[in-house]
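*Asks:* next come a sequence and a model predicted from it.
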Amino acid sequence: MMMEFLLATVLKIALVMGLVLLAVAYLTWLERKVIGDMQVRFGPSRVGPFGLLQPIADAIKLMFKEDIIPAHADRVIFLLAPALTLVPALIIFAVIPFGPSFVITDVNIGLLYVFAVASLGVYGIVLAGWASNSKYALLGGLRSSAQMVSYELSLALSVIGVVMWTGSLSLVEIVEGQAGSWYGIVPRWNIFPQFFGFLIFLVSSNAELNRAPFDLAEAETELVAGYHTEYSSMKFALFFMAEYANMIAAGALAATLFLGGWQGPFLPPVIWFLLKVFAFIFLFVWLRATLPRFRYDQLMRFGWKVLLPAALANVMVTAALLA
Amino acid sequence: MEWIFFLAFGLVAAVAAVAMVLQRSPIYSALYLILALFAQAGLYILLGAELIAAVHIIVYAGAIMVLFLFVIMLLDLGRTDRSPARVKPVGVIVGTVLAGLLLAELAVGVGPQIVLGPRGAYDPEVLRTVGNTRAVGRILFREYLIPFELTSLILLTAMVGAMVLAKRKVE
Amino acid sequence: MVPLWAYLLLSAFLFMVGVVGVATRRNALIIFMAIELMLNAVNLTFVAFSRFLHSLDGQVFVFFVMTVAAAEVAVGLAIIIALFRTAETVNVDEVRLLKG
């Protein structure tokens, strides 16, 4: 009994992690293709048909690059930081339900677990910035992590409305609470009663991911490259992978919390889930291609003076409506 | 089975705590403390306190230690102390004596038989049905409502105090 | 089922390590971290007792302890920053302007 449970769990973990890593690799291709299309140019199109082998080419290039560790850098932390960034990004997927009984573990504090893990993502960045022994990296790391910490608040508050509506912190129960429909046509997805929470969640997760338009701390034209200035080869690849894995996780969370997870009429549940996650990823890439960057003080002002009061107001209005 | 987890988490917590106190550089101390906090969250889950475990990670590992790291990095205190750590013998003696007293008291007073007080109503089976979060929330907002509101005052005071203390005086 | 005394022993040990840390180290930040360790050891005791006494009061109290610890860290670090600005050091041995 115990061995079966362990074996099933290990298989599920292997499957989900494998899929996530593959998705991260092809997400880079997707992003470059979509941004290329929006900028009226081809994205990668030479390596393989439609450039589909581009991620493999990138992986091979990154693996064979020279691995440089800066002088006087703190070796242990320098090597530890990329792993510290990637692991939280991957273990979020442990509580996300992909299908009716396809979830690695249904913790009854699922959403709190997600926020605990998301708040751990700050460490890799701030330690990477510090361990590089470089002014640009340190400043970029501090800015990046200050931004992430600021927007974590609005992120968590925007979801409280969903928790109040559903009455549970477990992601499986949140998805199941969105079954059925009103009047037969409009599905009971949380995006309809919690529309402002949804908007705040989208904006906060964009800032939390350090993605455009909030990517000042790591954009190429600012501060060299932020916290990963001094990183090369596989360690840089790990940072990259962590950012994209976080993006997929944010899309999966948005789909689970606001769009009904795997619920849907005709297609199999997993396909619905993947479609919804893909919609969010497309939205994130679209935002990157379209919007200009925020300046850092504008970013922080927006996070603290606009988004946080809005999230609090959302919680209060939801509480008032539910009473 | 539970013993294995307890020994694993307990050992990690103990070793990380000792390592934290022995490090030269504050950054390594902070990292070892984060490790100890993680092991402690694991112990909380073993004790069935899932809400506390998650809040522990969010508050301690996710916020307080990040604050520590920010301060260490902004003040550039992370490099190893140049001056040799002149450990005062007074400190070691005081520490050892207190530790010995605590352990002796535990050995005498605790031991295999503990006389516990009256039991409450929330045994683990009840908690498994009701849900840890719901039960804690119920108590927090009924019996402990006033302390709860007072902690919000404490947080407000701390916020104002921290901002005033750390502000640069504009000359 | 892990007995209560195992948890109490572990939290007593962690508390001890914290006390030795506060008594021995001279770096203000490490002293602060040792204080946090002590608070955590006490939290562990609370939660252990809450489990073995079948009462949730222990967990509620841990909640409050965590809140107070967060507030204390914020103010304490602000004090350390202010101290560093004037004294240029965080070594508590070297901050002796008030010493008689």
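*Replies:* On my side now, so go ahead.

*Asks:* excluding chain neighbours, what is closest to the residue of chain A found nearest chain B?
*Replies:* Nearest to chain B, among the residues of chain A, is residue A:119, at 3.0 Å (C-beta to the nearest C-beta). Bear in mind the C-beta positions are built from the backbone N, C-alpha and C, glycine included. With sequence-adjacent residues excluded and distances taken as C-beta to C-beta, 6 or more residues apart in numbering or on different chains, residue A:119 is closest to residue B:62, at 3.0 Å.

*Asks:* which residues sit in contact with the one you found?
*Replies:* With contact taken as C-beta atoms under 8 Å, 6 or more residues apart in numbering or on different chains, residue B:62 is in contact with A:115, A:116, A:119, A:120, A:122, A:152.

*Asks:* ok, now how distant is the residue nearest to the fifth one when sequence neighbours are not counted from chain C?
*Replies:* With C-beta to C-beta, 6+ apart as the criterion, residue A:122 has its nearest non-adjacent residue at 4.6 Å, and that residue is residue A:145. Plainly put, residue A:145 is 16 Å away from chain C if you go by C-beta to the nearest C-beta, to the nearest Å.

*Asks:* now name the helix or strand holding residue A:145.
*Replies:* Using DSSP states H and E, residue A:145 sits within helix A:135-166.

*Asks:* what of residue A:265?
*Replies:* In the assignment (DSSP H and E), residue A:265 maps to no helix and no strand.

*Asks:* how about residue B:73?
*Replies:* Going by DSSP H and E, residue B:73 is part of helix B:65-74.

*Asks:* so after that helix, what's the next helix or strand?
*Replies:* Taking DSSP H and E, what comes next after helix B:65-74 is helix B:89-109.

*Asks:* now do the buried residues in that following helix.
*Replies:* Going by neighbour count (16 or more other C-beta atoms under 10 Å in any protein chain shown), the buried part of helix B:89-109 is B:91, B:94, B:95, B:99, B:106.

*Asks:* equivalent analysis for stretch A:93-100, please.
*Replies:* A:93, A:94, A:95, A:96, A:97, A:98.

*Asks:* and for stretch A:103-118?
*Replies:* A:103-104, A:107-118.

*Asks:* can I get the residues you listed in TSV with distance to residue A:140?
*Replies:* Output for the buried residues of stretch A:103-118, formatted as TSV (distance: C-beta to C-beta, whole Å):
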residue	distance to residue A:140
A:103	36
A:104	34
A:107	34
A:108	38
A:109	33
A:110	33
A:111	30
A:112	30
A:113	29
A:114	26
A:115	24
A:116	25
A:117	23
A:118	20
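
*Asks:* list the contacts of residue 50.
*Replies:* Chain wasn't specified; assuming chain A. Per C-beta under 8 Å, 6+ apart, neighbours of residue A:50: residue A:33.

*Asks:* wrong one, I was asking about chain C
*Replies:* B:47, B:49, C:56, C:57, C:58, C:59, C:62.

*Asks:* quick check: angle from the helix or strand encompassing it to helix B:65-74?
*Replies:* Residue C:50 is part of helix C:28-52, with elements assigned from DSSP H and E. For helix C:28-52 against helix B:65-74, the angle by axes from the mean of the first three to the mean of the last three C-alpha atoms, to 10 degrees is 170 degrees.

*Asks:* now helix C:28-52: average pLDDT?
*Replies:* Averaged across helix C:28-52, pLDDT comes to 92.

*Asks:* which helix or strand contains the nearest residue to residue B:75 once chain neighbours are set aside?
*Replies:* Computed as C-beta to C-beta, 6+ apart, the closest residue to residue B:75 that is not its neighbour in sequence is residue C:84, at 5.4 Å. Following DSSP H and E, one finds residue C:84 within helix C:57-87.

*Asks:* buried ones in that helix?
*Replies:* Going by 16+ other C-beta under 10 Å, helix C:57-87 has these buried residues: C:57-64, C:66-67, C:69-84.

*Asks:* sorry, back to before: closest one to chain C out of the buried residues of stretch A:93-100, please.
*Replies:* residue A:95 (21.9 Å).

*Asks:* state the distance from that closest one to residue A:305.
*Replies:* 32 Å (C-beta to C-beta, to the nearest Å).

*Asks:* swap in residue A:155?
*Replies:* From residue A:155 to residue A:305 the distance is 16 Å (C-beta to C-beta).

*Asks:* dump the C-alpha coordinates for the host helix or strand of residue A:275 into CSV.
*Replies:* Residue A:275 belongs to helix A:269-290 when assigned by DSSP H and E. Taking Å, rounded to 0.1, in the frame of the first residue of the first chain, the C-alpha atoms of helix A:269-290 are listed here in CSV:
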residue,chain,number,x,y,z
PRO,A,269,-9.9,18.1,-18.8
VAL,A,270,-6.1,18.2,-19.2
ILE,A,271,-6.6,19.8,-22.7
TRP,A,272,-8.8,22.5,-21.2
PHE,A,273,-6.2,23.1,-18.5
LEU,A,274,-3.4,23.4,-21.1
LEU,A,275,-5.5,25.7,-23.2
LYS,A,276,-6.1,28.1,-20.3
VAL,A,277,-2.5,28.1,-19.3
PHE,A,278,-1.5,28.7,-22.8
ALA,A,279,-3.9,31.7,-23.0
PHE,A,280,-2.3,33.3,-20.0
ILE,A,281,1.2,32.6,-21.3
PHE,A,282,0.2,34.2,-24.6
LEU,A,283,-1.1,37.2,-22.6
PHE,A,284,2.2,37.6,-20.7
VAL,A,285,4.2,37.4,-24.0
TRP,A,286,1.8,39.9,-25.6
LEU,A,287,2.3,42.3,-22.7
ARG,A,288,6.0,42.1,-23.1
ALA,A,289,5.9,42.8,-26.8
THR,A,290,3.6,45.7,-26.5
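
*Asks:* quick one: average pLDDT of that helix?
*Replies:* On average, helix A:269-290 scores 90.

*Asks:* quick check: buried residues in it?
*Replies:* A:269, A:272-274, A:276-278, A:280-281, A:284-285, A:287-288.

*Asks:* ok, stretch A:299-311 next?
*Replies:* Applying a neighbour-count criterion of 16+ other C-beta under 10 Å, one finds A:299, A:300, A:302, A:303, A:307, A:308, A:310, A:311 buried in stretch A:299-311.

*Asks:* in helices, which of those residues appear?
*Replies:* Using DSSP state H, the subset of those located in helices is A:299, A:300, A:308, A:310, A:311.

*Asks:* for the nearest residue to the first one once chain neighbours are set aside, give me its contacts.
*Replies:* With C-beta to C-beta, 6+ apart as the criterion, residue A:299 has its nearest non-adjacent residue at 5.7 Å, and that residue is residue A:214. Residue A:214 makes contact with A:147, A:151, A:206, A:207, A:293, A:294, A:299 under the criterion C-beta under 8 Å, 6+ apart.

*Asks:* how close does the closest residue to the third one other than its chain neighbours sit to residue A:93?
*Replies:* Right, the one you point to is residue A:206. Closest residue to residue A:206 apart from its sequence neighbours, by C-beta to C-beta, 6+ apart: residue A:214 at 5.8 Å. Look at residue A:214 and residue A:93: by C-beta to C-beta, they are 23 Å apart.

*Asks:* only alpha carbons, please: show stretch A:175-190 as CSV.
*Replies:* The C-alpha coordinates for stretch A:175-190 follow below in CSV (Å, rounded to 0.1, in the frame of the first residue of the first chain):
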residue,chain,number,x,y,z
VAL,A,175,-11.4,24.2,-8.9
GLU,A,176,-14.3,22.0,-7.9
GLY,A,177,-16.1,25.1,-6.5
GLN,A,178,-16.1,26.5,-10.1
ALA,A,179,-18.1,23.6,-11.5
GLY,A,180,-21.5,24.1,-13.1
SER,A,181,-22.8,27.3,-14.6
TRP,A,182,-25.2,30.1,-14.1
TYR,A,183,-28.3,30.0,-16.3
GLY,A,184,-26.7,27.2,-18.2
ILE,A,185,-24.4,29.4,-20.3
VAL,A,186,-22.0,31.3,-18.1
PRO,A,187,-19.6,29.0,-16.3
ARG,A,188,-19.1,29.5,-12.6
TRP,A,189,-15.6,30.6,-13.0
ASN,A,190,-14.1,32.9,-10.3
